[in-house]
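Novice: All I have is the shape, not the residue letters:
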Ligand code: GDP
Ligand code: MG
């Protein structure tokens, strides 16, 4: 998707005369790419209007960087849709907070509720799981296995067939035991059925969840809108988790679900393992969707390992690659760093690891504000680059390179002039 959008923008900026017709054509190409990525058709039509209105083609000064302006307009319009524009739910310490999962069978509920339980557990909450899926044989076994692996207390029954009774008993038991986060996994069906919806509402009434989360498979496609609407109307959920974002699906369905239900995405599932859960970040999500990479996602991923970062870095410096490997396959990590995938082409894992290591040092030495910025503050205050380089034990040139890769600043690339050549030379030396 990102490639197609970038190609459309590049075509436009290469066109000999940049007239409004060419601009309209480009917006059309972008719209088609979005629709193919399963963004809801009506939504795409609205986006088209938003982008056209925000770019104000006629008013652009002749030498404006049209490419960046248009890319930014697309980016901003998409971010605006997935940005929840509301405060997130935070469980209260010292209280019993009940969270209930809903969603179709295979969406990833059971996997994700264990991931979320671990996430809260790692943040100091006394956390547990309740299996209220009595519909699918083996559901309790699956939850039991996951929970045992994650060392999370669980409740379920092999004999009780009424999910409402199991949910109520489990939640009551754990409330008495003063658990702080009680996550209730429910059953799904292959299709939206009256029986499923009736059951969801009964469980909701029985356990009175503080938050209900709908789990949605990223590959849901155009069905996202009707499905999330149907769930919203019956089981009124307050948050969405998108799973399988590591898969081939473009993820446009997620955008449609948010737009249709005005409900925030809170986390995304990025793999089958316990640690493959990330806080949802609208900017990161959209930049990944558009192929721009995701620095913040990487930071979350490193944090989620719950390792002392200094120790990790020390291990890596000393050549103990086991820790960096624990962070997941290099290719996956590389995908999260803008431009990294391309830079690492042709490198083996060790070479790539070195490069990645230095990138992580650099990001580590930046403030949150700097990481979030468009890079202008580095141009305005070049001493920032010196500080980051010194703090990360790298060179100013490497910091510049990272910033350029991140498209945090288009200007610096020009300033570097032969920068790309130097970069290739430097890569050859590594
Ligand atoms: P449920 O029926 O909604 O409870 O779905 P499950 O939790 O049983 O998950 C269905 C399948 O999806 C399992 O094979 C999971 O391992 C897989 N799965 C869940 N989340 C993710 C994810 O984020 N990425 C990948 N690749 N697989 C996932
Ligand atoms: Mg399940």
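Specialist: Good, I have the coordinates. Here the structure is a predicted model, which means the values were calculated and not measured. Ligands and ions are numbered 1, 2, ... in the order given.

Novice: Residue 214 belongs to a helix, doesn't it?
Specialist: No. Read with DSSP: H, G, I helix; E, B strand; the rest coil, residue 214 is strand and lies in no helix.

Novice: which ones are touching it?
Specialist: 101-103, 228, 231-232, 235, 237, 239-241, 263 (CB atoms under 8 Å, 6 or more residues apart in numbering). For every residue, glycine as well, the C-beta is placed using N, CA and C.

Novice: ok, for it, nearest residue in space, not its chain neighbours?
Specialist: Leaving aside its chain neighbours, residue 214 sits nearest to residue 237 (4.2 Å; criterion: CB to CB, 6 or more residues apart in numbering).

Novice: same deal with residue 121?
Specialist: residue 127 (4.3 Å).

Novice: picking that back up, and the contacts of residue 214, which of them are in helices?
Specialist: Those of the contacts of residue 214 mapping onto helices are 228, 231-232, 235, per DSSP state H.

Novice: Roughly how far does the closest residue to ligand 2 within the chain sit from ligand 1?
Specialist: Per CB to the ion, residue 110 is where the chain lies closest to ligand 2, at 3.3 Å. Going from residue 110 to ligand 1 by CB to the nearest ligand atom, to the nearest Å gives 3 Å.

Novice: I'd like to know how many residues surround whatever residue of the stretch 151-300 of the chain ends up closest to ligand 1.
Specialist: Residue nearest to ligand 1 within the stretch 151-300 of the chain: residue 269 (2.6 Å; CB to the nearest ligand atom). Neighbour count of residue 269, defined by other CB atoms under 10 Å: 26.

Novice: Show me what it is bridged to.
Specialist: residue 277 (DSSP bridges).

Novice: Contacts only, for it.
Specialist: Applying CB under 8 Å, 6+ apart to residue 269 gives the contacts 108, 111-112, 115, 241-246, 276-277.

Novice: Among the residues you listed, which are located in strands?
Specialist: 241-243, 277 (DSSP state E).

Novice: In this protein, where is pLDDT below threshold?
Specialist: Within the chain, the stretches with pLDDT under 70 are 1-18, 65, 67-68, 84, 190-192, 250, 291-353, 372-374, 405-430.

Novice: same thing but 50
Specialist: By pLDDT under 50, the weakly predicted segments of the chain are 295, 306-309, 312-327, 329, 331, 338, 407-430.

Novice: three-state assignment of residue 145?
Specialist: Of the three states, residue 145 takes helix under three-state DSSP.

Novice: What parts of this structure come near ligand 1?
Specialist: Within the chain, the positions lying close to ligand 1 (CB under 6 Å from any ligand atom) are 103, 105-112, 188, 215, 243-244, 246-247, 269-272, 276.

Novice: Could you give me the PyMOL syntax to select whichever of those are buried?
Specialist: Entered in PyMOL, the line below selects the buried ones among the residues of the chain next to ligand 1, by 16 or more other CB atoms under 10 Å:
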select buried, resi 103+105+107+108+109+110+111+112+188+215+243+244+246+269+270+271+276
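
Novice: Quick one: residues contacting the residue nearest to residue 108 when sequence neighbours are not counted.
Specialist: Excluding its sequence neighbours, the residue lying closest to residue 108 (CB to CB, 6+ apart) is residue 243, at 3.4 Å. Residue 243 is in contact with 107-108, 111-112, 215-218, 268-269, counting by CB under 8 Å, 6+ apart.

Novice: Residue 389 against residue 398, yeah?
Specialist: Yes. If you go by CB atoms under 8 Å, residue 389 and residue 398 touch, sitting 7.0 Å apart.

Novice: Outline the domain layout of the chain.
Specialist: Residue ranges for the domains of the chain, per automatic domain parsing: 2-82, 97-292, 303-429.

Novice: Just name the most buried of those domains.
Specialist: With neighbours defined as mean count of other CB atoms under 10 Å, the domains of the chain peak in mean count at domain 97-292, which reaches a mean of 20.

Novice: Does residue 274 touch residue 149 like I think?
Specialist: Yes. Between residue 274 and residue 149 there is a contact at 6.7 Å, judged by CB under 8 Å.

Novice: what touches both of these two?
Specialist: Common neighbours of residue 274 and residue 149 (CB under 8 Å, 6+ apart) are residue 114.

Novice: Would you map the helices across the stretch 201-350 of the chain?
Specialist: 224-235, 252-261, 282-289, 295-304, 309-317, 322-326, 330-336, 340-343, 349-365 (DSSP state H, counting those that start in this stretch).

Novice: do you know how far residue 263 is from residue 46?
Specialist: For residue 263, the distance to residue 46 (CB to CB, to the nearest Å) stands at 18 Å.

Novice: wait, residue 149
Specialist: Plainly put, residue 149 is 44 Å away from residue 46 if you go by CB to CB.

Novice: Got the phi and psi for the nearest residue to residue 116 once chain neighbours are set aside?
Specialist: Closest residue in space to residue 116, ignoring its immediate chain neighbours: residue 183 at 6.2 Å, by CB to CB, 6+ apart. Note on residue 183: its backbone torsions stand at phi -100, psi 120 [degrees, to the nearest 10].

Novice: Could you pull up the residues touching the closest residue in space to residue 142 that isn't next to it in sequence?
Specialist: Counting by CB to CB, 6+ apart, residue 142 lies nearest to residue 110, which is 5.4 Å off, once chain neighbours are set aside. When contacts are counted by CB under 8 Å, 6+ apart, residue 110 touches 131, 133, 139, 142-143, 146, 185.

Novice: nearest to residue 172, of those?
Specialist: When these are compared for distance to residue 172 (CB to CB), residue 131 wins out at 14.8 Å.

Novice: Partner strands of the host helix or strand of the closest one, with direction?
Specialist: Using DSSP states H and E, residue 131 maps to strand 127-132. In the sheet, strand 127-132 lines up against strand 154-155 (parallel), strand 181-186 (parallel) (DSSP bridges).

Novice: In a markdown table, list those along with distance to residue 70.
Specialist: Formatted as a markdown table, those follow (distance: least, CB to CB, whole Å):
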| stretch | distance to residue 70 |
| --- | --- |
| strand 154-155 | 51 |
| strand 181-186 | 43 |
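
Novice: so residue 214 bridges to which residues?
Specialist: Beta-bridge partners recorded for residue 214 (DSSP bridges): residue 102, residue 240.

Novice: does residue 153 really touch residue 128, like I thought?
Specialist: Yes. Residue 153 is within contact range of residue 128, at 4.4 Å (criterion: CB under 8 Å).
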